[in-house]
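Asks: Here is a sequence with its predicted model. Questions after.
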Amino acid sequence: MSDDYGADSIQVLEGLEAVRKRPGMYLGDPHDGSALHHCIWEVVDNSVDEHLAGHTNLIEVVLNKDGSLNIRDYGRGIPVDKHEEFGISATEVIMTKLHAGGKFDNSSYKVSGGLHGVGVSAVNAVSKWMEVTIHRDKKVYHQRYEAGVPTSPLSETGVCDDTGTMIAFKPDLGIFTNVIEFEFEQIDNRLKETSFLNAGLKIVITDNRSDDPHVSKHHYEGGLSEYVSQMNSGREILHSE
Ligand code: 0RA
């Protein structure tokens with residue numbers, strides 16, 4: 001049993017090292033901004049999955065002055081119970097073990113060039129630091145990681161009345177070059193698409209990097225059809241439906 005744990009933690013470290021050595025294999029080009037922004041889509045997709053499962057209608061994205069980014073949802077919260085197989089919290093498994101969640105067992109899950117679904121652990125691996133805060137069962141849980149490695153076990157830090165997950169991370173600039181800052185336009189455009197593809201999901205992006213914070217809100221109760229009517233407004237329409 002303790003041998004298994006040792007073998008598993010070595011596998012985790014090897015997985016994280018593989019991502020750090022060849023980020024392009026997991027996240028896209030680290031030298032042109034694509035891997036950098038893919039980190040955001042990867043974390044947001046987990047919150048979108050919580051929306052698709054019917055547990056959150058709001059995702060908040062905040063760009064911070066120090067180059068870090070927060071993504072928060074009001075879903076069930078990442079499970080915190082002790083994982084029987086690995087002897088650590090389910091949170092730590094999801095946050096550090098490559099492909100945790102069994103998503104890769106299902107080949108039909110792989111879409112958009114095979115990049116979707118590498119998991120938050122791949123983003124963790126290329127982050128100088130990542131922090132997860134979970135509201136679940138009336139309690140607040142927290143864990144921090146550096147280059148994907150936990151700096152302490154998951155701990156209980158307080159109480160709460162709501163549920164959800166907040167993930168904050170700062171990209172490791174030893175890995176990303178050329179484009180090393182998040183681009184608001186790119187994030188805003190992509191998350192606008194995410195919101196119209198997910199009817200009823202509200203996505204709020206706040207850019208706190210300048211002294212004059214910028215907030216952008218996307219919310220299409222009617223999903224794609226509402227987006228189309230918005231694009232058509234003021235134009236002559238060929239087809240009413
Ligand atoms: C695994 C199982 C459950 C929820 C999640 C993962 C989850 C992951 C993320 C990542 C960002 N936000 C998230 N929210 C939820 C289900 C847990 C249950 O059955 O209560």
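Replies: Yep, that arrived.

Asks: So stretch 128-140, near the ligand or not?
Replies: No: Stretch 128-140 lies out of reach of the ligand by Cβ under 6 Å from any ligand atom, never closer than 7.5 Å. All C-beta spots, glycine's among them, are computed from the backbone N, C-alpha and C.

Asks: Dump that stretch to PDB, keeping only the CA atoms.
Replies: Written as PDB, here are the backbone C-alpha positions of stretch 128-140 (Å, rounded to 0.1, in the frame of the first residue of the first chain):
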ATOM      1  CA  LYS A 128       4.700  29.200 -11.200                       C
ATOM      2  CA  TRP A 129       1.900  28.600  -8.600                       C
ATOM      3  CA  MET A 130      -1.700  27.500  -8.600                       C
ATOM      4  CA  GLU A 131      -4.200  27.700  -5.700                       C
ATOM      5  CA  VAL A 132      -7.500  26.000  -5.400                       C
ATOM      6  CA  THR A 133     -10.200  27.100  -3.000                       C
ATOM      7  CA  ILE A 134     -13.300  24.900  -2.700                       C
ATOM      8  CA  HIS A 135     -16.600  25.700  -1.000                       C
ATOM      9  CA  ARG A 136     -18.300  22.400  -0.200                       C
ATOM     10  CA  ASP A 137     -20.300  20.900   2.600                       C
ATOM     11  CA  LYS A 138     -20.400  24.300   4.400                       C
ATOM     12  CA  LYS A 139     -16.600  24.300   4.600                       C
ATOM     13  CA  VAL A 140     -13.800  26.100   2.700                       C
END
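
Asks: what's in contact with it?
Replies: With contact meaning Cβ atoms under 8 Å, 6 or more residues apart in numbering, stretch 128-140 is reached by 68, 76-80, 91, 95, 123-124, 141-148, 156-173.

Asks: average pLDDT for it?
Replies: For stretch 128-140, mean pLDDT is 98.

Asks: Would you mind listing the buried residues in that stretch?
Replies: 128, 129, 130, 131, 132, 133, 134, 135, 136, 140 (16 or more other Cβ atoms under 10 Å).

Asks: Kindly report the same for stretch 183-194.
Replies: Here stretch 183-194 shows 187, 188, 191, 192, 194 as buried, counting by 16+ other Cβ under 10 Å.
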